[in-house]
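Colleague: take a look and give me a structure for this.
(chains A, B, C and D)
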Protein chains: 2
Amino acid sequence: MKQKKSNESIECSKSDLMAVKDALEVLNGRWKLQILISLLNGKKRFKQIAREIDGISDRMLSKELKDLEENKLINRQVYDAFPPIVEYTATEHTETLHSVIYALREWGYIHRKKIIGK
Amino acid sequence: MKQKKSNESIECSKSDLMAVKDALEVLNGRWKLQILISLLNGKKRFKQIAREIDGISDRMLSKELKDLEENKLINRQVYDAFPPIVEYTATEHTETLHSVIYALREWGYIHRKKIIGK
DNA sequence: CTGGATCCTCAGGGATACTG
DNA sequence: CAGTATCCCTGAGGATCCAG
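Modeller: Modelled structure (predicted):
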């Protein structure tokens, strides 16, 4: 993918840019990563996720979950019961997001210190 | 509320979630990361960036650059000349984004292979 | 409980024209 | 060249109601 410049590797190629754009496209919006993080902590039911994520509406959660399922980032398991039980779980593919989440979290802390926290 | 899987650490705390949200807030939209990646490759003038990033309008570029400057993610240097010359550069703070960009890029490749490329 | 269906709002973003 | 000013539209996302 990339070559080094003395000591720092710099993003450069069109192909790299495309990859970043692809990633952002899948993870876009305010909710997807929050949902995935929540599920990386263990299987959850619909209402559980809704309660955990501050401010999300049922409608958005439903839509985002469908999106994520299409991208193989979550599994949806339906149990035939009443009241209905649906469990969502992360997939092996979700696990590959760990480094992204980790990097964003670290940077979030750095940035907060830099801009807000001083 | 945490279940470990053998060897991986899992995101969990409220504070971590906040950090990720903060990061996403600063980097949101389709353009900011593309602009930053472009500038991490070296100083650029307005039109240069506009030409490099496919599909961005002058208006958006202008707005995003202002945003990024407020977040100390770019420097804006104006030279008194005609025609006007304005150069944008990455900052030290931008450098801290490297791991984020790197992670997103890697994941973009992985995801493409998983979903599209098969 | 799990969502689908509807309706509505608003900000993100495109197009174009214009200024210093 | 480096933007600003307008106008407009689309789509993300909220609120509410309803059904299985």
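Colleague: switch to C-alpha atoms for all contacts and neighbour counts from now on
Modeller: Will do.
Colleague: who's in contact with A:Leu36?
Modeller: A:73-74, A:90, A:94 (Cα atoms under 8 Å, 6 or more residues apart in numbering or on different chains).
Colleague: again, 7 Å this time
Modeller: For A:Leu36, no residue meets the contact criterion (Cα atoms under 7 Å, 6 or more residues apart in numbering or on different chains).
Colleague: surely A:Leu68 meets A:Ser62?
Modeller: No. Taking contacts as Cα atoms under 7 Å, A:Leu68 lies outside contact range of A:Ser62: 10.1 Å.
Colleague: which one of these two has more residues nearby?
Modeller: Each of A:Leu68 and A:Ser62 has its neighbours counted (other Cα atoms under 10 Å in any protein chain shown); A:Leu68 has more, 20 against 12.
Colleague: near DNA strand D, which residues of chain A are found?
Modeller: A:29-31, A:55-60, A:83-84 (Cα under 7 Å from any atom of the strand).
Colleague: right, is stretch A:88-105 up against DNA strand C?
Modeller: No. Stretch A:88-105 is not in contact with DNA strand C by Cα under 7 Å from any atom of the strand; minimum separation 7.5 Å.
Colleague: all strands of chain A, in order?
Modeller: Ranges of strands in chain A, per DSSP state E, are A:4-5, A:8-9, A:44-45, A:74-79, A:85-90.
Colleague: what's the neighbour count on the residue in chain A that DNA strand D sits nearest to?
Modeller: Using Cα to the nearest atom of the strand, the closest approach of chain A to DNA strand D is made by A:Gly29 at 3.5 Å. Number of residues near A:Gly29 (other Cα under 10 Å) recorded here: 15.
Colleague: could you pull up phi and psi at it?
Modeller: For A:Gly29, the backbone dihedrals (degrees, to the nearest 10) come out as phi 90, psi 170.
Colleague: thinking again about what came up before, and among the strands of chain A, the most buried is which?
Modeller: strand A:85-90 (a mean of 18; mean count of other Cα atoms under 10 Å in any protein chain shown).
Colleague: that one pairs with which strands, and in what direction?
Modeller: strand A:44-45 (antiparallel), strand A:74-79 (antiparallel) (DSSP bridges).
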